[in-house]
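Enquirer: below are the sequence and a predicted model for it; my questions follow.
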Amino acid sequence: MNWNRFTFLSLASGAVFGLMVFVAGTVSAEQPDMAARRILYDCQKKAAEYTYNLDKAGDQELFDKHVAECIAASKARPAPTVQLKSVSGSMPICTDADMAWCSPCWMTPNNDWCCKKKNPGQVLPSCGSSSNNATCNYTLCSNGCDGACRKPEKNYYGATNIKITNQTDADVTFMFVTGAVTKPGELGACTDNEKIISYQWIAQNTDWCKDPQAGKEKNAGWCTGTVKKGSSVELKRTGNDAEKCLTGGIHLWPEKASCPSPNGFTQGEFTLNPTNTSTEAVNISLVNGVSYALSINLPGEAWTVQNQTKSVKVIGPNESITGDNNKPGIYPPGCTDCIQLVGELPCKNVPNSRCQATRQCHVQRGGITGGTVEFVIEKKF
């Protein structure tokens, strides 16, 4: 198992800025498009000169009329005008429907607001921090505060739980594995030993987690579960446990093994309610082989592939070890780094002949939690 996939910290670089133009008492928050901003600036400059030459400087009605005519002649839309009126805390909280578009904003931890509406040709959302720009006029949103939303507080929407469903015609025994606490000095999603779900907790709080065993690192361990044909088992968290990080994997093999014959085993991996990031992530890993076809049903609208903005509702199902597994949210057989093999091949009986062409192995959502992630076992290979 590659534990790095459980403890990744997504970082995004980029600049979000607003150019403020002060002419004849008008304050405008310019649009992201540089050409439109330049046209607006030029038109305001011309309007100022025009009213001055007519000895009517300060005539706001004449100024605005000239700006509008200038922009119309340039066939460009004006940047919106907004008032200095509100701090980030007054913005509405981003809803689940907002979050797929806004998700890349939360890859930068200090960001706490996002422009909800996508402008034509815009690839990523406009966003920023109210600590740097406290008023809505500094946002690039079309309607000031009304066009922006703020990032929910951590775990605002509660625990993200897990359900394992067996659609095959036979009972399936699996290993449920919990990831280790991130070591000091390392980047990771779960760094607090007091705020992480352990294999012992799962054994104590479910009726299906049996024979818990400790791993080599702190919090790492596993237990065995069986889900009967046509049935499901669940892992639900409430109270203080709802805010704890849940990271690990579901190994579709009945016992602890790394490279079982003939073709290894399918894994479902997850990092939910992370304590050290704002990003949940799930994937199907075939790095150690394929035993079953697995799919993942995702709650809500906010899940996207990596730092993209297109909503994802279902991952998979994966194909056999020789099938086409170049699908979003799937690590193909033997591909430890999604697009390539890094280091030695984990399992000699699992080739890595068809890694992903692009980095699309993680499906994630930023800034929002809650609902149930359902791992569906569809068929045995």
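Expert: Perfect, I can see it now. Numbering: from 1, shown residues only.

Enquirer: quick check: the gap between G158 and P152.
Expert: G158 is 11 Å from P152, where distance means C-beta to C-beta, to the nearest Å. Backbone N, C-alpha and C define where each C-beta goes, glycine included.

Enquirer: hang on, T182 is in a strand, isn't it?
Expert: No. With DSSP: H, G, I helix; E, B strand; the rest coil as the criterion, T182 is located in coil rather than a strand.

Enquirer: rewinding a little: more neighbours: G158 and P152, which one.
Expert: Using other C-beta atoms under 10 Å as the criterion, G158 and P152 rank with P152 on top: 20 against 14.

Enquirer: so what's the backbone phi/psi at that one?
Expert: phi -60, psi 150 (degrees, to the nearest 10).

Enquirer: residues near the nearest residue to S103 once chain neighbours are set aside, how many?
Expert: Nearest residue to S103, sequence neighbours excluded (C-beta to C-beta, 6 or more residues apart in numbering): G366, at 4.2 Å. Neighbour count of G366, defined by other C-beta under 10 Å: 27.

Enquirer: what pairs with G366 across the strands?
Expert: Note on G366: beta-bridge partners T279, judged by DSSP bridges.

Enquirer: gap between it and G147?
Expert: Plainly put, G366 is 19 Å away from G147 if you go by C-beta to C-beta.

Enquirer: repeat for C127
Expert: Remark: distance between C127 and G147 (C-beta to C-beta) = 12 Å.

Enquirer: and F174, by the same measure?
Expert: From F174 to G147 the distance is 46 Å (C-beta to C-beta).

Enquirer: any idea how far the longest strand seen in the chain is from the chain center?
Expert: The longest strand of the chain (DSSP state E) is strand 371-380. The chain centre lies 20 Å from the centre of strand 371-380; the measure is C-alpha atoms, centre = their mean, to the nearest Å.

Enquirer: partners of it in the sheet?
Expert: Short version: by DSSP bridges, strand 371-380 pairs with strand 160-166 (parallel), strand 292-297 (antiparallel).

Enquirer: and the longest one, what's buried?
Expert: When you say that, I think you mean strand 160-166. 160-166 (16 or more other C-beta atoms under 10 Å).

Enquirer: over to stretch 105-113?
Expert: For stretch 105-113, by 16+ other C-beta under 10 Å, it's 105-108, 111-113.

Enquirer: mind checking the SS state of the residue lying closest to A281 once chain neighbours are set aside?
Expert: The shortest distance from A281 to any non-neighbouring residue, by C-beta to C-beta, 6+ apart, is to Q364 (4.2 Å). State at Q364, reduced to three classes by three-state DSSP: strand.

Enquirer: and Q364, how far from F381?
Expert: Q364 sits 27 Å away from F381, taking C-beta to C-beta as the criterion.

Enquirer: dump the buried residues of strand 160-166 into TSV; add distance to A57 and pLDDT as well.
Expert: What follows is those, written out as TSV (distance: C-beta to C-beta, whole Å; pLDDT from 0 to 100):
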residue	distance to A57	pLDDT
T160	59	97
N161	64	97
I162	67	98
K163	68	99
I164	72	99
T165	72	99
N166	77	99
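
Enquirer: now the strands for the stretch 251-381 of the chain?
Expert: Counting by DSSP state E, counting those that start in this stretch, the stretch 251-381 of the chain has strands at residues 267-272, 279-285, 292-297, 304-305, 314-315, 330-331, 363-366, 371-380.

Enquirer: among those strands, which is nearest G225?
Expert: Closest approach to G225 among these is made by strand 371-380 (11.5 Å; C-beta to C-beta).

Enquirer: what pLDDT is listed against V350?
Expert: In this prediction, V350 carries a pLDDT score of 91.

Enquirer: likewise for V227?
Expert: According to the prediction, V227 has pLDDT 98.

Enquirer: show me what the nearest residue to it once chain neighbours are set aside is bridged to.
Expert: Excluding the flanking residues, the one nearest V227 by C-beta to C-beta, 6+ apart is N166, at 4.3 Å. Under the criterion DSSP bridges, N166 forms beta bridges with I377.

Enquirer: for N166, give its distance to N352.
Expert: Taken as C-beta to C-beta, the span from N166 to N352 is 29 Å.

Enquirer: quick one: which of F174 and G147 has more around it?
Expert: Just comparing F174 and G147: by other C-beta under 10 Å the higher neighbour count belongs to F174, 30 against 20.
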